[in-house]
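**Q** No letters, just coordinates:
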């Protein structure tokens, strides 16, 4: 058996080992999903100068003083469109539909207008230096529109973590239909990483060690061979190639997770080969590292909601356990057979999951628990 | 002024015009984010046959009857790994650590074992025809893992909607820094569409009409020139090229939205050129159409939560209005200046938005309202 480290200890190790990558400048129009490396602020007031709030006629308000149906005041017709700067000498706008130029290109006013009427004043939307988007914003379409509108064409974003994936082949003589690598590649992309390389490695200590030494990446994931059986060599290979800091984590599924570094200091995560264990070891540890490297923040990228369990949830004291759930009526949910029990099948038909922490033996029926909601892709 | 159609009327038009595209088969490993065209079911039971639940020795339970420390029973050592099919003649598994083969390759049992101990029975995880992923699932990493594990390499998914974008240039003599097109392209991709073509079109009825007639796509978006000013030609061009079904929607911002079809029946959406109006016309109408075409379902892809407003929200009766919000403490939120008031700047620093429906004049302080949460990218 492995000595289990707590999930908290493994998490703390990740947070120390995986720090935000350097910034790079990219074209704003292609930056959806990228993470701002610094806050973007206005360089001038918005609007830059007083401007018309609607289509109409720009006038000098003072000149309209005393205007009435009995005493109309004639002013030159100065047509402006919404957004146009106010022409010199004007300080108010009359809506287009309230006046009509005559043959001498003048308009007739039958009531006075206040200075500033229908004018957007300089800086009224935003002052100089106002934050358009804070650092760590993951750019969505609305940000792209807003920042382009503010005149930006390039933005400083956090580099995308380059991930090297080493899939440890099964022992000789066993069929291999590798479902883990495509799953983990998809998760890396979801979390903003780039799969820089993805290779199958013979399940021998020397082969895995050699592949680890070569690693040119921001992080390396080794999939499979993480146990302590005679066919498991990933941990020993990492210990030889650099440092094995943690091996064995109190996470179910995911017990044989390992964490360490190559000789040149690149973080390495050992993900178990059993598919559900592979997924959860990724979600809690590898994904966390990739999200931190990419500036996304450490937390799981699932929305959370407090919901009530329709049935008792039983969990082993000393293990952090992942339990799939399905929505019930209202704010209730039904716990499903867990990932540890039925593997990835637990994901079929699940609406989300619960993480039962190490110090808990589970929850009674009717308990209100934080549920993570599946809705990512 | 335009006669406004209700948002509901425009929505109903979209739902009739935009139907789910045909299916296509794609490689599962590249299918993240794609939408299943049909449910995927198991073709056999899982497990396919009785198999070992852990590494150990496979035995015939009957043969161990009567075994005790005083009456050890010797059985041939049949090593199995977790997941291996049970060898013929065996029906239970002893954990590896509880026995050791002797020099004659036999193990000694000191207690009886029950038939089925540490065995995963055929079909115990899933029976034949069980649903692995329902139709309309947007494939996430866990689905890719599960379906590969079930032996699939291709999956039937809904086609990605091909979107043609026509950006109507501004009237001659006006500077153009098109912030709308990159914003809308990003939104199309977020919603699962493909920007098949994106062209700038001269702001003349004849040019827009010609571009509409050419359209080879599942949907066409025309950006700008949607009003009824003398420089606005998009609606007239669509009426001439096919049919203008709706022009003018009671959405603020987004009043000049138009909906119709080309002569060959391709849906066309006219999105206003003012950036915030463009965004919201897209979100409520164009995005809805693209999501429906791609099988994603019509609803806005934002999580919702009931929250309490810290201040009164005022809205015009007869208009559906979009109001940006920022989280307060606990489950409260603060309404921000609306998109109609300050344009896309309303998105800066917002945590989400509220849609105040047409029939409402707003909400009093302390009202509990459904809030859409920004977290997409």
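**A** The structure has been received and is ready for your questions. Given the structure is predicted, the values throughout are model-derived calculations rather than measurements. Numbering: from 1, shown residues only, chains lettered A, B, ... in the order given.

**Q** list the buried ones in stretch A:29-39?
**A** A:29, A:31, A:32, A:33, A:34, A:35, A:36, A:37 (16 or more other Cβ atoms under 10 Å in any protein chain shown). Just so you know, the C-beta spots here come from the backbone N, C-alpha and C atoms, and that holds for glycine as well.

**Q** which residues sit in contact with residue A:38?
**A** A:23, A:135, A:156 (Cβ atoms under 8 Å, 6 or more residues apart in numbering or on different chains).

**Q** Got a ChimeraX select line for the buried ones in these?
**A** Applying 16+ other Cβ under 10 Å to these, the buried members can be selected in ChimeraX as follows:
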select /A:23
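
**Q** doesn't residue A:50 make contact with residue A:84?
**A** No. With contact defined as Cβ atoms under 8 Å, residue A:84 does not count as touching residue A:50 (10.3 Å).

**Q** Looking at these two now, which is surrounded by more residues?
**A** residue A:50 (19 against 16; other Cβ atoms under 10 Å in any protein chain shown).

**Q** Skip the chain neighbours and tell me the closest residue to that one.
**A** residue A:86 (4.8 Å; Cβ to Cβ, 6 or more residues apart in numbering or on different chains).

**Q** Residue A:261: what's it in contact with?
**A** A:17, A:242, A:243, A:245, A:267, A:268 are the contacts of residue A:261 under Cβ under 8 Å, 6+ apart.

**Q** Mind pulling up the pLDDT for it?
**A** As predicted, residue A:261 sits at a pLDDT of 97.

**Q** Could you say which helix or strand holds it?
**A** strand A:258-262 (DSSP states H and E).

**Q** Show me which residues of the stretch 251-377 of chain A are close to chain B?
**A** A:275, A:278-279, A:303, A:305, A:342-345, A:347-349, A:373-377 (Cβ under 8 Å from any Cβ of the partner chain).

**Q** May I see the PyMOL selection of the buried members of the residues you listed?
**A** To isolate the buried members of those in PyMOL, using 16+ other Cβ under 10 Å:
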select buried, chain A and resi 275+278+279+303+305+342+343+344+345+347+348+373+374+375+376+377
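
**Q** Can you show me the helices along the stretch 1-150 of chain A?
**A** Remark: helices assigned in the stretch 1-150 of chain A by DSSP state H, counting those that start in this stretch are A:7-17, A:141-149.

**Q** Report the distance from the shortest one to the chain centre.
**A** Centroid separation between helix A:141-149 and its chain, computed with Cα atoms, centre = their mean, to the nearest Å, is 17 Å.

**Q** Roughly how far does the residue nearest to residue A:76 when sequence neighbours are not counted sit from chain B?
**A** Leaving aside its chain neighbours, residue A:76 sits nearest to residue A:106 (5.8 Å; criterion: Cβ to Cβ, 6+ apart). If you measure residue A:106 against chain B using Cβ to the nearest Cβ, to the nearest Å, the figure is 21 Å.

**Q** cool, and residue A:188?
**A** In this view, residue A:188 and chain B are 9 Å apart by Cβ to the nearest Cβ.

**Q** same check, this time on residue A:359
**A** 26 Å.

**Q** any idea of the pLDDT on that residue?
**A** Taking residue A:359 on its own, its pLDDT is 93.

**Q** cool, and residue A:376?
**A** 63.

**Q** ok, the residue nearest to residue A:76 - contacts?
**A** Contacts of residue A:106 by Cβ under 8 Å, 6+ apart are A:74, A:75, A:76, A:77.

**Q** between those residues, which is nearest residue A:13?
**A** Minimum distance to residue A:13 across the contacts of residue A:106 is 73.0 Å, recorded for residue A:77 (Cβ to Cβ).

**Q** Run through the residues that contact that closest one.
**A** Counting by Cβ under 8 Å, 6+ apart, the residues that residue A:77 touches are A:57, A:99, A:101, A:105, A:106, A:107.

**Q** filter the contacts of residue A:106 to the buried ones?
**A** By 16+ other Cβ under 10 Å, the contacts of residue A:106 give A:75, A:76, A:77 as buried.

**Q** The residue nearest to the last one when sequence neighbours are not counted and residue B:245, how far apart?
**A** Spelled out, it's residue A:77. Closest residue to residue A:77 apart from its sequence neighbours, by Cβ to Cβ, 6+ apart: residue A:101 at 3.9 Å. Going from residue A:101 to residue B:245 by Cβ to Cβ, to the nearest Å gives 36 Å.

**Q** More neighbours: these two, which one.
**A** Taking neighbours as other Cβ under 10 Å, residue A:101 and residue B:245 compare with residue B:245 leading, 19 against 14.

**Q** give me the element that one is part of.
**A** Applying DSSP H and E, one finds residue B:245 within strand B:242-247.

**Q** Could you name the helices and strands sitting against that strand?
**A** helix B:7-17, helix B:234-241, strand B:258-262 (3 or more Cβ pairs under 8 Å, 6 or more residues apart in numbering or on different chains; DSSP states H and E).

**Q** Show the subsequent helix or strand relative to it.
**A** The first helix or strand that comes after strand B:242-247 along the chain, using DSSP H and E, is strand B:251-252.

**Q** on contacts alone, who are the packing partners of that next one?
**A** Using 3+ Cβ pairs under 8 Å, 6+ apart as the test, strand B:251-252 ends up in contact with strand B:320-327.

**Q** For the helix or strand immediately after the strand it packs on in the chain, name the packing helices and strands.
**A** Following strand B:320-327 in sequence order, the next helix or strand is strand B:332-335 (DSSP H and E). Judged by 3+ Cβ pairs under 8 Å, 6+ apart, strand B:332-335 is in contact with strand B:303-309, strand B:320-327.

**Q** so of the ones you listed, which one's packed in deepest?
**A** strand B:320-327 (a mean of 23; mean count of other Cβ atoms under 10 Å in any protein chain shown).

**Q** Just checking: what are the partner strands of it?
**A** strand B:251-252 (parallel), strand B:332-335 (antiparallel), strand B:352-356 (antiparallel) (DSSP bridges).

**Q** Which residues belonging to the last one are considered buried?
**A** By neighbour count, and taking 16+ other Cβ under 10 Å as the criterion, the buried residues in strand B:352-356 are B:352, B:353, B:354, B:355, B:356.

**Q** Adding pLDDT and distance to residue B:231 as columns, could you present these in CSV?
**A** CSV is the format used below for the buried residues of strand B:352-356 (pLDDT from 0 to 100; distance: Cβ to Cβ, whole Å):
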residue, pLDDT, distance to residue B:231
B:352, 96, 35
B:353, 97, 30
B:354, 97, 33
B:355, 97, 30
B:356, 97, 31
